Structures are given as structure tokens and as C-alpha cells.
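>>> Structure, please.
(2 chains)
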Amino acid sequence: ETGVTQSPTHLIKTRGQQVTLRCSSQSGHNTVSWYQQALGQGPQFIFQYYREEENGRGNFPPRFSGLQFPNYSSELNVNALELDDSALYLCASSLGAGVGNTIYFGEGSWLTVV
Amino acid sequence: AQTVTQSQPEMSVQEAETVTLSCTYDTSENNYYLFWYKQPPSRQMILVIRQEAYKQQNATENRFSVNFQKAAKSFSLKISDSQLGDTAMYFCAFMKLGSSNTGKLIFGQGTTLQVKP
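Residues are numbered from 1 along each chain as shown, chains lettered A, B, ... in the order given. Predicted structure coming up:
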């Protein structure tokens, strides 16, 4: 158990809709990162939040957005869903954004876009 | 830009034997970390081992060890005395150090390892 919980675990959306995925980080962890993992591929970095501010972003369009709340929980929002957005979305938390801090992953949210 | 390549999509090993998973990476950075993560069917990514690039000594964690060749940009994982619970997908990952250090992991494509009884 890593202490990182994600919800929902599975969901199905229609192309063009919007989705919100949620992550509760390990207690005390002030840094949350989101990754997209397509089937059979390695995860790709979407963005990171550190103390409620975006602290780095990968090569994803603006329709991927996020929030981090004062309790350090986080949301990933995706607008105008496309079929290629179907993937496992992983949340990862750590204490601090530094590379020396161990990163803990949740079990992910499976998103299917039809 | 950094890239990580795992050239073995699938591997299998008999229980109790040793297996080595390969990983190469490309970077112009001098200061970075390398990781091996395990992803079982539960999909939760679990850290297996990590290596700081400035350390010449290869990292070891119980049955898991790495062969880090910085000049060759190679980072292989050796699993000794393989157990059925080692069956999973294994990812090699890179993270750079520096002023723009965001803790961003760059993953390879993964190697599916099956341990056979």
C-alpha cells in the first residue's frame, strides 16, 4: 500500500465529453504528478503540482488541466475527450518535487472513450 | 530530450533462475537518476531499485541489482532467484537533476516478465 488513492477506478465516456479524475496523495505529500499510460506502453508525464502550483508540464494539449487543493489532493480534468485519450491515468505523490524524494503511485483510473 | 529504450518486449524465466532486463537511454545531462519500476496486474507502479548517476557503485536491493554503464548509457536489471511474484511488467525510467527539476519520470516501453514454475 502506497497511501495514494485514485477515483474512479474505471469509467467510460463518450467522445467530446469532459472527465475529472481524482487523487488523494499520501499523508503529508505536497507534490502530485499525473501520468497517462496507453495500453502496452510506458507512462507519459502530463504535469506536476507542487504546493498548489503547476510545476512542470509534459507534451499534452491545454484541454488537459489540473488542480491541487490545500490538503494536497489533486484533480485531472480532460475536456473534449478524444478516442486516443483512452488510457490508464496514474497519480504519483512525493514529499517535495526534488528528485531525491521517493515517488509513490496509485493504482490508476482506467478511462475508456467511445 | 531524453529517451529510454527497452528492447525486450517480453521475457520469461524459470522460478529460482536469474534473468536480466535491458535498458538504454539517451541524454546530454550529466546528473540524473535511473529507476526500475515493477507494474503487476494490479497496475500499481512499485519502485524496485534506483541508481544515482554520480555513483559508480551499482545499486542492490536484495535479489535485485543493476549494471549501470554510464558511458554506454546502459542500465540493466538483474533478478536473482526469480519468484512467481516477480511476474509483472518492468519499466526503466530516467529523471534529470537540475534547476528545472520537476521530478518528471521518463519511462521506457516496458518489458513483460513471466516467471514460470
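>>> How many neighbouring residues does residue 48 have?
Picked chain A for this. A:Q48 has 25 neighbours, counted by other C-beta atoms under 10 Å in any protein chain shown. Quick note: C-beta positions are derived from backbone N, CA and C, even for glycine.
>>> To clarify, I was referring to chain B.
B:V48 has 21 nearby residues by other C-beta under 10 Å.
>>> go on, A:R57?
Using other C-beta under 10 Å: A:R57 sits among 15 other residues.
>>> B:Y54 now?
Counted with other C-beta under 10 Å, B:Y54 comes out at 11.
>>> Contact partners for it?
B:Y54 is in contact with B:N31, counting by C-beta atoms under 8 Å, 6 or more residues apart in numbering or on different chains.
>>> Where does the prediction get shaky in the chain?
By default, I'm working from chain A. Residue ranges of chain A with pLDDT under 70: A:97-100.
>>> Switch to chain B, please.
B:98-102.
>>> What parts of it come near chain A?
B:4, B:32-33, B:42-47, B:91, B:93, B:95-97, B:100-110 (C-beta under 8 Å from any C-beta of the partner chain).
>>> ok, of these, which come out buried?
When the residues of chain B next to chain A are checked for burial by 16 or more other C-beta atoms under 10 Å in any protein chain shown, the buried set is B:4, B:32-33, B:43-45, B:47, B:91, B:93, B:95-97, B:101-110.
>>> did I read that right, A:T20 in a strand?
Yes: residue state for A:T20 (DSSP: H, G, I helix; E, B strand; the rest coil) corresponds to a strand.
>>> ok, it - contacts?
Contacts of A:T20 by C-beta under 8 Å, 6+ apart are A:75-77.
>>> Name the residue closest to the centre of the chain, please.
No chain specified, so I'll use chain A. A:W34 (3.0 Å; C-alpha atoms, centre = their mean).
>>> nope, chain B
By C-alpha atoms, centre = their mean, the most central residue of chain B is B:W36, 2.9 Å off.
>>> Neighbouring strands - and their directions - for the helix or strand harbouring it?
Following DSSP states H and E, one finds B:W36 within strand B:32-39. Here strand B:32-39 has these sheet partners by DSSP bridges: strand B:46-52 (antiparallel), strand B:88-96 (antiparallel).
>>> Now distance to A:L95 too, for those strands, in CSV please.
Putting these into CSV (distance: least, C-beta to C-beta, whole Å) gives the following:
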stretch, distance to A:L95
strand B:46-52, 14
strand B:88-96, 16
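>>> so which of these comes closest to A:E53?
strand B:88-96 (19.9 Å; C-beta to C-beta).
>>> ok, and what's touching the closest one?
By C-beta under 8 Å, 6+ apart, strand B:88-96 touches A:42-43, A:99, B:2, B:4, B:6, B:21, B:23, B:25, B:27, B:29, B:31-41, B:45, B:48, B:75, B:77, B:103-108, B:110-113.
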